[in-house]
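Enquirer: Sequence plus the predicted model coming up.
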Amino acid sequence: MEREQQFKDRLRGAGERLTSPRLGIFRILVRQAPVAMAKLIARGQADGIDPVTTYRTVDLFRKLGLVSEAGLGRNRLLELSDEVERHHHHLSCVVCGKLVDFDNAAIEAELGRVGEQTGFAIRSHQLEATGVCAACQAKAGELV
């Protein structure tokens, strides 16, 4: 697991210990991200990690740049940062909540050009796209 080794190296490089709860939260994020904090806590509890430890672990991961928040509609979801996972964006269905990851080289190139034109050195970005997925459109009998 290359990502897991990268994670372990990042912790040790920051002078932080690798603990079972930290590794457990990381593994949940690998499998289930993006995820709301409440769901992360519930999943952690199912694995024997108490909520306070989950909050502290997420705070540490933020400090180390290992997690980021994705804003999808009204929801704030946690996921591994671009330093751990490949950079991507999300499409979210406003009806059922389905999430689809995507990446697009043309979007990335255009953001680079916008940065150059405006004099910004863009370090990171998020693209939020919401709509109605094909399954929900079919259920509603409409094409949106």
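Expert: Arrived safely, thanks for sending.

Enquirer: now the helices for the protein?
Expert: Counting by DSSP state H, the chain forms helices over residues 2-13, 20-32, 37-46, 51-63, 105-118, 134-140, given from the N-terminal end onward.

Enquirer: For this structure, which element, helix or strand, carries the lowest mean pLDDT?
Expert: Across the helices and strands of the chain, the lowest-confidence element by mean pLDDT, DSSP states H and E is strand 67-72, at a mean of 74.

Enquirer: In terms of residue numbering, what are the domains of this protein?
Expert: As assigned by automatic domain parsing, the chain contains the domains 1-85, 87-144.

Enquirer: Who's the closest spatial neighbour of Leu127, skipping the chain neighbours?
Expert: Ranked by Cβ to Cβ, 6 or more residues apart in numbering and with sequence neighbours excluded, the top spatial neighbour of Leu127 is His89, at 4.1 Å. In this view, the C-beta of every residue, glycine as well, is placed from N, C-alpha and C.

Enquirer: Burial check on the one you found, number of neighbours?
Expert: When neighbours are counted by other Cβ atoms under 10 Å, His89 registers 17.

Enquirer: My read is that it contacts Ala129, right?
Expert: Yes: His89 lies in contact with Ala129 (Cβ atoms under 8 Å); the separation is 7.0 Å.

Enquirer: quick one: low-confidence ranges for the chain?
Expert: Counting by pLDDT under 70, the chain contains low-confidence residues at 1, 71-75, 82-87, 142-144.

Enquirer: Surely Ile122 and Arg113 touch.
Expert: No: look at Ile122 against Arg113 with Cβ under 8 Å: they stay out of range, at 10.3 Å.

Enquirer: and the residue nearest to Leu127, what is it in contact with?
Expert: Contact partners of His89, counting by Cβ atoms under 8 Å, 6 or more residues apart in numbering, are Asp101, Phe102, Asp103, Asn104, Ile107, Gln126, Leu127, Glu128, Ala129.

Enquirer: Settle this for me: Cys96 is touching Cys133, isn't it.
Expert: Yes: checked against Cβ under 8 Å, the pair Cys96 and Cys133 is within contact range at 6.6 Å.

Enquirer: Good, we can wrap up now.
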